[in-house]
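Asker: Sequence and predicted structure below; questions after.
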Amino acid sequence: MLRRRRKHSASSSSPAAASAKKKDRSGRGSVHPKPTSASSAGRSGVGGGSSEPAPAPAPAETPPAAAKGAKRKGGARLWMRLGRAGRSEIVELDKGAIVARVGIPARDLRILGPIFSYSSNILARERAMVVNLEFIRAVVTAEEVLLLDPLSQEVLPFVDQLRQHFSMKNPVEAAEIERELPFEFQVLEIALDVVCSCLDAETAELEKAAYPVLDELTKKVSNKNLERVRCLKGDLTRLLARLQKVKDEIEHLLDDHEDMAHLCLTRKQIQNQQFEALTASGASNSIVAAGTDSAKHNPNFQSNASIITSIYVDHDVEDLDMLLEAYFMQLDGTRNKILLIREHIDDTEDYMNIQLDHRRNELIQLQLILAVISFGIALETYIASAFTMNLPCSFYHVYGLFWPFVVGSSGFSFLIFLALMGYAWWMELLSP
């Protein structure tokens, strides 16, 4: 009986085993994911009787697109890095990477955001210069420049000028230019040149569009011409405000020589390198281990270093002063053009007000003439209506008196009209 039961159970389990073998063969022929740890543990427990736990599954790799999207969500933005030699590359950096790379506070990156668009700031920090001029938002160091949103249409001219300026020169020519003007000043000069040229071009476009519109308005006053002048005046006001922000920032730097000295990043870098080299040489030549401290605290060493540093810094500040003053004068000339256009608009408005006053005076004169005529007609109508009343009067029975009376009353009304018109003329209420 026991053997029969075993045979019966083996025969009943044979179809399931056969189907399992078929599935296993089909799984070997096709590509499927590896079995989980639980199934492998079950097989090991059945086959070998081992109780060791299976290793944890390896984490799935994140695809590059998903990682890029996650990085974008984390605050990464598109930047262009351009070095002294003119090599440029497009990179994605977040605020933390920028802060660690250039050594500026995180709050300085807020002025490069969209909230402060079309604002003007030039901030000097220990290792970098933060530039926010109109559409140009960049962080400049002594070795490289990081430009935000380099692929936008407004920034492309600045990118082209940067590449053209730094890539077309051999090392000897680049060294000569750097001797005259440091790297950060060259970047600042190109930025100011692009911004001033853009503002000048917009001013020229407004000037080109303003004079025909104003001439048309002086010829014919219409709603269309008035609307065009109103839009022109609004664009002019916004352009003047943008230009004034850039001009005020440059003027602020020109008034503060300490801020201009902080903008000399290359000079500060060279100064730090020379100080470290002198300190290291003093430490190597000293017999005592504390020779470095003695070199640092040596008054002659500090006085000589401060004199040399002040000479070079004054030279760089003078170069920056001349650079900023040149673009300040250019912005002042553009501002004078805008003010000239605004003055022309104000003159046109005054001329239109004079014309409107003249038309108003003409309407008042016409109203006065009509009032005098109405008075004469009303007087004659009063006389006629007085005789139309059903009152006893002896003149009704006089033959031939009607026409002389009508002519006389009409003449009397006309004389009253002439008298009133003459009085208005004499009082200069009516223009000739």
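Answerer: Yep, that arrived.
Asker: List the buried residues for stretch 205-216?
Answerer: By neighbour count with 16 or more other CB atoms under 10 Å, stretch 205-216 contains the buried residues 206, 210, 214. In this view, the C-beta of every residue, glycine as well, is placed from N, C-alpha and C.
Asker: Report the contact partners of residue 244.
Answerer: When contacts are counted by CB atoms under 8 Å, 6 or more residues apart in numbering, residue 244 touches residue 335.
Asker: Shouldn't it be within a helix?
Answerer: Yes. Residue 244: assigned to a helix according to DSSP: H, G, I helix; E, B strand; the rest coil.
Asker: Distance check, it against residue 351.
Answerer: Relative to residue 351, residue 244 is positioned 28 Å away (CB to CB, to the nearest Å).
Asker: can you list the weak-confidence ranges in this structure?
Answerer: The chain contains residues with pLDDT under 70 at 1-74, 116-118, 168-179, 273-278, 280-314, 432.
Asker: Do you have the helices of it handy? List them.
Answerer: In the chain, the helices defined using DSSP state H lie at 2-29, 37-47, 64-73, 95-102, 156-167, 171-180, 183-219, 223-255, 257-262, 265-285, 291-296, 299-387, 402-426.
Asker: CA atoms only: put the fifth one into CSV for me.
Answerer: Only the C-alpha atoms of helix 156-167 are listed here, as CSV (Å, rounded to 0.1, in the frame of the first residue of the first chain):
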residue,chain,number,x,y,z
LEU,A,156,26.0,85.3,-28.6
PRO,A,157,27.7,88.6,-29.8
PHE,A,158,29.6,88.7,-26.5
VAL,A,159,30.6,85.1,-26.8
ASP,A,160,31.8,85.6,-30.3
GLN,A,161,33.9,88.6,-29.3
LEU,A,162,35.4,86.7,-26.4
ARG,A,163,36.5,83.9,-28.6
GLN,A,164,37.7,86.2,-31.3
HIS,A,165,39.7,88.2,-28.8
PHE,A,166,41.4,85.4,-26.9
SER,A,167,41.9,82.8,-29.6
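Asker: from here on, count from 227
Answerer: Taking 227 as the first residue, the last one we looked at is helix 382-393.
Asker: Which secondary structure elements does it sit against?
Answerer: If you count contacts as 3 or more CB pairs under 8 Å, 6 or more residues apart in numbering; DSSP states H and E, helix 382-393 packs onto strand 303-309, strand 314-319, strand 370-374, helix 409-445.
Asker: From what I see, residue 495 and residue 368 are in contact.
Answerer: Yes. At 4.5 Å, residue 495 counts as touching residue 368 under the criterion of CB atoms under 8 Å.
Asker: What distance do you get for residue 438 to residue 648?
Answerer: For residue 438, the distance to residue 648 - CB to CB - is 47 Å.
Asker: Over to residue 422?
Answerer: Counting by CB to CB - residue 422 and residue 648 are separated by 66 Å.
Asker: One more: residue 596?
Answerer: Residue 596 is 17 Å from residue 648, by CB to CB.
Asker: same check, this time on residue 320
Answerer: Note on residue 320: its distance to residue 648, by CB to CB, is 89 Å.
Asker: who's more crowded, the two?
Answerer: residue 320 (15 against 11; other CB atoms under 10 Å).
Asker: The more buried one against residue 301, yeah?
Answerer: Yes. Using CB under 8 Å, residue 320 is in contact with residue 301, at 4.6 Å.
Asker: and residue 609, how many neighbours?
Answerer: Neighbourhood size, residue 609 [other CB under 10 Å]: 16.
Asker: what about stretch 360-374, how long is it end to end?
Answerer: End-to-end distance for stretch 360-374: 12 Å, by CA to CA, to the nearest Å.
Asker: Can you point out the buried residues in that stretch?
Answerer: Neighbour-count burial for stretch 360-374 [16+ other CB under 10 Å]: 360-368, 370-374.
Asker: Closest one of those to residue 489?
Answerer: Checking the buried residues of stretch 360-374 against residue 489 by CB to CB gives residue 366 as the nearest, at 9.2 Å.
Asker: give me the beta-bridge partners of the closest one?
Answerer: residue 355, residue 371 (DSSP bridges).
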